[in-house]
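1. need a 3D model of the sequence below.
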Amino acid sequence: MSVNKNNAYNASRRSFLLKGSMASAGLLIGGSAAWSKSFLFGKVPDSKFFGVQIGVITYSYRSMPHNVEQLLQYIVDSGISAVELMGESVEDYAGKPADKSQVAEWRSSVSMDKFKEVRKMFKKAGVSIYAFKPSALGTNNTDAEIEYALKAAKALGANSVTVELPRDPAHSQRLGTLAAKHKVYIGYHAHTQATDTAWDEALGQSPYNSMNLDCGHYIAAGGNNTKETLLALIQAKHDRITSMHIKDRKTKENGADNLPWGQGDTPLKEILTLLKEKKYDIPASIELEYDIPGGSDAVKETKKCLAYAKEALGA
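-> All right, here's what the predicted structure looks like:
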């Protein structure tokens, strides 16, 4: 072999080994680009049945430590193709400061590039993001933080952000005004204070104020809240509900416990059937709140909830 050919061979070999080591290092480190390419060899999830989108709020995976890439793996392993994304993991990915005193300033000026990266990462894995829930929408948050949340939701591909229903109607007015500016919905979530009229004032303040209806909490409130009134509420307000939380809870009179699906008083099958028959475009988010049994984990239990929903829909 000539010297020139030998040098070319050695250079080529060194280049090959260098590229190979860099690729291996990338996978070990868990960099998003290398990870996303290797990740997608698995099956792309599909949790939409007869037009009903079964999703999950990523709060369901709170028992499993994760960064945003690991979280996406949990979602895909659960068979879920759409999510309500909690803020912590994606904000960490985007570089949120560890010092809480710096967070508001960071939110007011952060680029949306990392949020767009997350959207692409999720989309490549077959998962869409329909709602975003950062801790940036409270009464103590600045207008700049609220607008950040709305811009981040858009960058993620979500059409709504979610937050607890304010006690002070002045705050839902403030949120609704800013939401109209950015054309992103504010989905208000309620716990056992939910009634058929609990959202009325907020809904009247802005067309961009909407409901993130938690069907389990509604039933757990008991009293006048029944299976029949819940189904009637969904029908009456369906065009103002941007997403739901689905869980199985007992009524207040029966202890209000969170239970595995099918063991509580929430009319899960009737809710899902209503969405199917009426063709309501409302994502139904699995929210895993019952105790995870020994030997299981949040992914396995989310898969059980999905299987229940799929059977209830006749898929």
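2. domain ranges for this structure?
-> Using automatic domain parsing, the domain parsing of the chain gives 1-30, 35-312.
3. winner for burial among those?
-> Among the domains of the chain, domain 35-312 has the highest mean neighbour count (mean count of other CB atoms under 10 Å), at a mean of 19. Any C-beta I mention is one placed from the backbone N, CA and C, and that applies to glycine too.
4. looking at the chain, which helix or strand does the model trust least?
-> Of all helical and strand segments in the chain, the minimum by mean pLDDT, DSSP states H and E falls on helix 3-29, at a mean of 39.
5. on that earlier part again, which one of the domains of the chain has the lowest average pLDDT?
-> The stretch with the lowest mean pLDDT among these is domain 1-30, at a mean of 39.
6. just the helices in the stretch 51-200 of the chain please.
-> Remark: helices assigned in the stretch 51-200 of the chain by DSSP state H, counting those that start in this stretch are 68-77, 87-93, 103-109, 113-124, 143-156, 169-182, 200-205.
7. from the middle of its chain, how far away would stretch 283-301 be?
-> 14 Å (CA atoms, centre = their mean, to the nearest Å).
8. now tell me what touches it from outside.
-> 52-57, 59-64, 74, 77-78, 80, 82-84, 130-131, 214, 216, 243-248, 257-260, 271-272, 275, 302, 305-306, 309 (CB atoms under 8 Å, 6 or more residues apart in numbering).
9. restricted to strands, list these.
-> 52-57, 82-84, 130-131, 214, 243-246, 248, 258-259 (DSSP state E).
10. and S89, how far from E117?
-> To E117, S89 is 13 Å away according to CB to CB, to the nearest Å.
11. likewise G264?
-> The value you get for G264 to E117, if CB to CB is used, is 39 Å.
12. how about K100?
-> 24 Å.
13. now do the contacts for T229.
-> D196.
14. checking my notes, it in a helix, right?
-> Yes. Judged by DSSP: H, G, I helix; E, B strand; the rest coil, T229 forms part of a helix.
15. ok, it to I292 distance?
-> T229 is 31 Å from I292, by CB to CB.
16. same thing with Y185?
-> 32 Å.
17. cool, K116 as well?
-> The value you get for K116 to I292, if CB to CB is used, is 34 Å.
18. give the contact list for the spatially closest residue to K114 that is not a sequence neighbour.
-> Excluding the flanking residues, the one nearest K114 by CB to CB, 6 or more residues apart in numbering is A94, at 3.8 Å. With contact taken as CB under 8 Å, 6+ apart, A94 is in contact with 110, 114-115, 118.
19. tell me the contacts of the residue most central in space within the chain?
-> Geometric centre of the chain, nearest residue: E84, 1.5 Å, by CA atoms, centre = their mean. E84 makes contact with 55-58, 129-133, 162, 243, 283, 285 under the criterion CB under 8 Å, 6+ apart.
20. ok, so what distance separates A98 from W106?
-> 11 Å.
21. for stretch 280-287, measure first residue to last.
-> For stretch 280-287, the first and last residues are 20 Å from each other (CA to CA, to the nearest Å).
22. typo on my end, stretch 217-225
-> 10 Å.
23. how far off centre is it?
-> How far stretch 217-225 lies from its chain's middle: 24 Å, per CA atoms, centre = their mean.
24. and if you look at stretch 54-63?
-> Using CA atoms, centre = their mean, the offset of stretch 54-63 from its chain centre is 7 Å.
25. can I get the helices of the stretch 51-200 of the chain in CSV with distance to K252?
-> Compiled in CSV, the helices of the stretch 51-200 of the chain are given as follows (distance: least, CB to CB, whole Å):
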stretch, distance to K252
helix 68-77, 32
helix 87-93, 31
helix 103-109, 37
helix 113-124, 37
helix 143-156, 33
helix 169-182, 26
helix 200-205, 22
